[in-house]
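Chemist: Build me a model:
(2 chains)
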Amino acid sequence: MSVRTPMTLASIELGAGIRNACTEGPDEVITRVKESGLRGRGGAGFPTGLKWDLARQAPAPDGRRYVICNADEGEPGTFKDRVLLEDLADLVFEGMTIAGCAIGASEGIVYLRGEYVYLQDGLEETLARRRAAGLLGAGVRGRPDFDFDISIRIGSGAYVCGEETALIESLEGRRGEPRNRLPFPVVRGLYQAPTVVNNVETFAWVAAIMARGSAWFASIGTPGSSGPKLLSVSGDVERPGVYEFPLGVSIHEVLAAAGGEDAKAVIVGGAAGQCVPRRDFGRAIAYDDVSTGGAFIVLGERRDPLDVAENFMEFFVDESCGQCTPCRIGNVTILEGVRAMRRGEMTPERLRDLVKLGHTMQAASKCGLGQCSANVFLSIVEHADVLGRELVHA
Amino acid sequence: MTTTSLPTPAVPTAPPPTPSSTVTVTIDGREVEVASGTTILDAARLAGVRIPTLCHHPDLPPSGLCRLCIVEVEGQRQAQASCVYPITAPVAIRTHSPRIGQARRDIIDLLLSEHYGDCRTCARNGNCELQDLAVEYGVDRYRFGERSEPVHGVEAFGPSIVRDMDKCVLCLRCVRTCAELQGVHAIGVVGRGDTNTISTFMDLPLDEVNCINCGQCINRCPTGALTARDVTDDVWAALEDPTKHVVIQTAPAPRAALGEEFGLEPGTPVTWQMNTALREIGFDRVFDTNFTADLTIIEEGTELLLRLYRNLVLGDTSMPVPQFTSCSPGWVKYIEHGYPEFLPNMSTCKSPQQMFGALIKAWYAGRAGVDPADVVSVALMPCTAKKFEAGRPEMTDSGFADVDHVLTARELAVMTRQFGLYLPDMPPSDFDDPFGTASGSGIIFGATGGVMEAALRTVLELVTGQQVENIFDHADITPVRGFDDVRYVELTIPDEVGPVPELIAHLVPDWNWLRGVTLKVAVAHGTANAGRVMEDIKAGGKFSECHFIEFMACPGGCLGGGGQPIPTNVEIRRARAKAIYAEDSAYGEQGRARKSHENPAVVRLYSELLTDGPGGHTSHHLLHTEYTPRGSFIRSDGAEKEA
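Modeler: Sure thing, here's the model as predicted:
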C-alpha cells in the first residue's frame, strides 16, 4: 500500500528514544509521555502516559508486568500498522522496550494479526538483530536492572481479538472473548498481571517522543489531540494509501490530498466508526470531534450507503463473539433490517425499533465491538436525507 | 479435632473484596453501606432494589453476558452490568433510566426473536426465567420477529439429559456449572457470534464424553433448553399393565424437596404424604431406599474396617486406603474418567438404589410370590445420574435389569399433578414391608456428610462397643455436617475397644490394632471440590493420609441433585438439609432406629438372605460391583459403541 505523504516516523533517529529512556528512568519516561499528550492510536484514545502510570503503580504480586503490542489490525479500512511493521518495525520495538522500562516489565508480546503472518520472519529477524545489539534481552543497553525481550504471537483471524481483553484471553489460550472491564488490564491483564496494551502506531510515536521530546510532539495537532496521525484512506478516491496528518485536520483536507473531493460521505473509524456526510466535511479528525484509529473510507457519488451498511453488518454478524445478547442478536437483527430496506420493505415503525435497538447496543454491549457496530447504520439513518437514499417504503 | 477447607481457586475477574473497608453507595436514592468490592447487583439486593438478571446465578461466578442487569453509574457514559461491577468508592447508581428500560426490553425481545418453542408444551412452563421476564417487561409482540421453525431440534443428549438448543439463551450457566462448579468441562461454547451453541467435544453425545450426568446444568438452566430425560410415560404404562407388579423405592432427598413443587417452603418434608400419593397413583409397594442405605453402611463399614485391617495390620496394599464412598453415580463416573488409577480405592458397594434393585428382583419377588419378570422396579431419586446408573451393563445381578425406571423428584411431581393429587394434603402413611422404615442414618444419606456420619455411627459402635451417644451428643456427628466445600475431621479411637461382632468375626480377629488410632476422614461435595481432594491425594497431601472419604457429585449432596425441584441455591439446599436432619432427630424421638445396624429389617436380611455376612458371597453377588476405567475420552464413533 502506497505511503502518500512523508512520514515523520521514518525520520526519527533509531536508538535515540531508548537511549534517553534508559538514561532518564521510568519516572521521567512517564512524565514525558504524559506531557506529550499522546493518546492511543488504535482508536479509543486513552492517554498513553496515564495508562502506563496505572500499570506501573498496580500491584504485581509475582513481580511480573507485560507490554503487549496490539498488531491485530482488523478494522475494515485500516492498513497503516502493516506499513509500520513492514518498514519501521525497529521503531515499534523501541517503543515497546521504552514501555517495558517505564512500567517495569521484562516481557513484551506482539499480537500479530493472523493475516499478517507473512511479516513474521522479517519481524523475527529484526528482533534477533536487536538482541545481538544489546537492545533486547538481559541488561538492555547494558543496564543490569533492565531485562526486556519481545516475542511474537499470531492471532487466528478474529476481529474481536483486537479488543484488548479478548486479545489477552486469546494469548492465554482461550476463546477470544472480551472480559468484564473491571479490573482493567493495567491492573490485571495477561495472567492476572498488570498489562499495557497499545497499538502499533502508539509505540512508534513513543519512540519518536523519547527521541525528539514531548514539546515537539505536543506542538503538533490540537491541545486535546496532539501529534501527527496516520490515516488509511481507501474507497472512492484517486490516490488511496497511508497518509500522515496532524490531528485536527479537516475531512476536506484529507479528501483534497487523496483526490476524493466529490465524495458524498466518508466513514471514519472503520466499520465501527461513523458515517460523515458532505455537509460535515469541515469537521476535524480528532479525539474530541471525529475520532478514528486510522480508517478513512470514502463513499463516492454513486455509492449506495445501504450497500455499505449491509457489508458492515454482515461483517459484524460474522465477527461478534456472541457472548453478550445485544451484540450477538442485535447485529443479526439490524442486518435483517438493512436487507429489508434494500428490498423496499421497511416500515416507519420497524425502523424506529431498529434505531432504538442500535442505541441499546451502544449502551448495553459488553465490549467496544457491540458498542460501535450499529454506529454506521445509525449515522446512515440519521443522514438519509443528504445521502439521497429512501429507507422507508411502506 | 480440626475442620478445614481447601482453598477455592480465585475467580479471575472479581477483585478480592477487602472486608475491612466499607463503602456507602446510593442506589435509586437509597443509601446502603457495603463491603468494598461488593457488586452493584448484590448491593441493590441488600438495599431491597430489584435488578432483573438472566445469566446470573448465585452458585456461579458472575459473567456479565446477558446485559439485562445494566444500570447507570454516576460518571460513566456506558451503562454497566451490575453483576460484574465491584463498588470500591462511594457512587450513585440508578437502576432505571429511559435508555436502561429500553435496553432491557430490547434484550428480552432479542432473546425471544431467537427462542423457538411453545411455552405451553415446555417442561419449564410456569418456572422459566425468560417467561417471567417477558411478563415483567410487558412483552406484547415480537418486536424483532420470531422463529417459525427450529434451527436445532430436540435431542437426547445422553442417557440423562435432553437438550433443546432452540430454547437456549446462551447465558452459559450450564457451561459455567459444568466447568466451575463441577470441574467436569464436558460442555462448552462452539461457533462464533450468532452460530454460538453449547456442545461437547466434536458434538459427541454426552454419554460418549466425560459428562457425569449430574444434571447440575439442568438445575441452573433458566429455560427449558436442558431437561432430564422423562420416563413418566414408561412408568404410567407399567402402572396401567395389570400383569405387572410395580414397586417404587424412594430416596431420602426428594422427600425434603418435593413440597417445593407444590408451593411449600423449601425444607418442608412430605415423606408420609408422598407414600400415600404413590399408592393412589397405583404403585403396588412403596419402599424406602434408606433401607439399602442402612445396608450400604453395614457393607461399606465392614469393607472399611477390613481394608484398614489388611492395609495397616497385614500390610496388604491390594485394598488401598483411603476408601472412597461409591453411592453417588455422578462421582463414580467422575473418578472413572478423571482418576481411573484410583478405582481400587472405591468401595465396591453398589449405591443404595442398585442394592435395592437387586434385592427387589432377587429376593423380594420370590418372597411376595411374584415372578421377578413381572416386577417393574421404579426408583424415585433426586438425581439424573441414577438414570445412567440403572442402565450400566453390570447392574443386572438379579438376572434382570435391577432397576427398570428412575424418576426424578420433578417427574414424580408431574405424575402427582396428572393424577389430580395435591401432595401436601395426602393423609400420611408408612413404607411397606418387608423393608419397612429405615433408620435415621439412612435418611441423612440425602445430605453431604450424611454417609460419613451414618458410617461413623456404626463403625464407632462396632469398634468401641459403646453407644455413639457417649462420644457425640445425641449421636449427632456435627463436624462432618455443613456445607463447607471440603471438611476434614480427625477422630481418635479410645484405648478401650469392644469385642468384634459375631457377624464379622471371621474377617477381623479383634480391634486392638485400632486402640488410640486417629481416624482421619473427609467429606467433599460437588465434583470440583472432589477434584481438589483428588489432586491433593495425588500430590501426597493431607487427604492422602485419610482413611475414609465421602464424595458426592452434587453441591449439598443428594438434596442438591440434578433431579430436584428448580430453582436451587444455597439457602434452598440448607433448608432441605435442615429438613433431613430434623427427620433423623424425629426418628429418635419416635423410638425408631437412628443407626443403620439397629435397623431391624437389615438385621433380618442378614439372617434370611445374606447369611454369610457383610462382604460374604451372597452380598458380593448382589450388593457389590466393579468400575470401568474410562479416561477422558471414551469412544471415537458410534460404531465402536455397538461392538
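
Chemist: most centrally placed residue in chain B?
Modeler: Nearest to the centroid of the C-alpha atoms of chain B, with distances taken as C-alpha atoms, centre = their mean, sits residue B:561, at 2.6 Å.

Chemist: need the residues of the stretch 51-200 of chain A near chain B, please.
Modeler: Residues of the stretch 51-200 of chain A lying near chain B by C-beta under 8 Å from any C-beta of the partner chain: A:158, A:175, A:179-180, A:182-183, A:188, A:192. Every residue, glycine included, has its C-beta placed from N, CA and C.

Chemist: taking those residues one by one, which sit in helices?
Modeler: Among these, no residue falls in helices (DSSP state H).

Chemist: wait, residue B:380 sits on residue B:252?
Modeler: No. Checked against C-beta atoms under 8 Å, the pair residue B:380 and residue B:252 is beyond contact range at 10.3 Å.

Chemist: about what we covered before: now, which of the residues of the stretch 51-200 of chain A next to chain B sits nearest residue B:293?
Modeler: Relative to residue B:293, the closest of those is residue A:175; by C-beta to C-beta it sits at 43.2 Å.

Chemist: give the contact list for that closest one.
Modeler: For residue A:175, the contacting residues are A:169, A:321, B:189, by C-beta atoms under 8 Å, 6 or more residues apart in numbering or on different chains.

Chemist: Reformat those residues as a markdown table; add distance to residue A:117, secondary structure and neighbour count.
Modeler: Output for the contacts of residue A:175, formatted as a markdown table (distance: C-beta to C-beta, whole Å; DSSP: H, G, I helix; E, B strand; the rest coil; neighbours: other C-beta atoms under 10 Å in any protein chain shown):
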| residue | distance to residue A:117 | secondary structure | neighbour count |
| --- | --- | --- | --- |
| A:169 | 20 | helix | 20 |
| A:321 | 22 | coil | 26 |
| B:189 | 26 | strand | 17 |
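
Chemist: Closest one of these to residue A:62?
Modeler: residue A:169 (19.9 Å).

Chemist: Any stretches of the stretch 501-643 of chain B with poor pLDDT?
Modeler: For the stretch 501-643 of chain B, the stretches with pLDDT under 70 are B:633-643.

Chemist: For it, which segments are assigned as helices?
Modeler: Per DSSP state H, counting those that start in this stretch, the stretch 501-643 of chain B has helices spanning B:527-538, B:570-589, B:600-608, B:617-623, B:638-642. These are given in chain order.

Chemist: returning to that earlier point: verify the contact between the residue nearest to the centre of chain B and residue B:215 for me.
Modeler: Yes. The criterion here is C-beta under 8 Å, and residue B:561 meets it with residue B:215 at 7.0 Å.

Chemist: Mind listing the shared neighbours of the two?
Modeler: Counting by C-beta under 8 Å, 6+ apart, the contacts common to residue B:561 and residue B:215 are B:383-384.

Chemist: on that earlier part again, can you list residues touching both of residue B:380 and residue B:252?
Modeler: Here residue B:380 and residue B:252 have residue B:289 as joint contacts, going by C-beta under 8 Å, 6+ apart.

Chemist: so who does the residue nearest to the centre of chain B touch?
Modeler: Counting by C-beta under 8 Å, 6+ apart, residue B:561 has contacts B:214-215, B:253, B:381-384, B:409, B:554.

Chemist: Residue B:65: what's it in contact with?
Modeler: By C-beta under 8 Å, 6+ apart, the contact set of residue B:65 is A:323-325, A:366, B:55, B:170-172.

Chemist: Give the closest residue to residue A:62 in space, chain neighbours not counted.
Modeler: Counting by C-beta to C-beta, 6 or more residues apart in numbering or on different chains, residue A:193 is the residue found nearest to residue A:62 once chain neighbours are left out, at 7.2 Å.

Chemist: before we move on, back to that, would you mind putting the residues of the stretch 51-200 of chain A next to chain B into CSV with distance to residue A:275 and pLDDT alongside?
Modeler: Putting those into CSV (distance: C-beta to C-beta, whole Å; pLDDT from 0 to 100) gives the following:
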residue, distance to residue A:275, pLDDT
A:158, 25, 94
A:175, 31, 95
A:179, 30, 96
A:180, 30, 94
A:182, 32, 87
A:183, 35, 93
A:188, 37, 96
A:192, 40, 96
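
Chemist: Touching stretch A:114-126 from outside, list them.
Modeler: Outside stretch A:114-126, the residues that touch it by C-beta under 8 Å, 6+ apart are A:71, A:73, A:82, A:85-86, A:89-90, A:93, A:110, A:112, A:152, A:154-157.

Chemist: returning to that earlier point: give me the distance between the nearest residue to the residue nearest to the centre of chain B once chain neighbours are set aside and residue B:331.
Modeler: Residue nearest to residue B:561 in three dimensions, not counting chain neighbours: residue B:382, with 3.4 Å by C-beta to C-beta, 6+ apart. Note on residue B:382: its distance to residue B:331, by C-beta to C-beta, to the nearest Å, is 14 Å.
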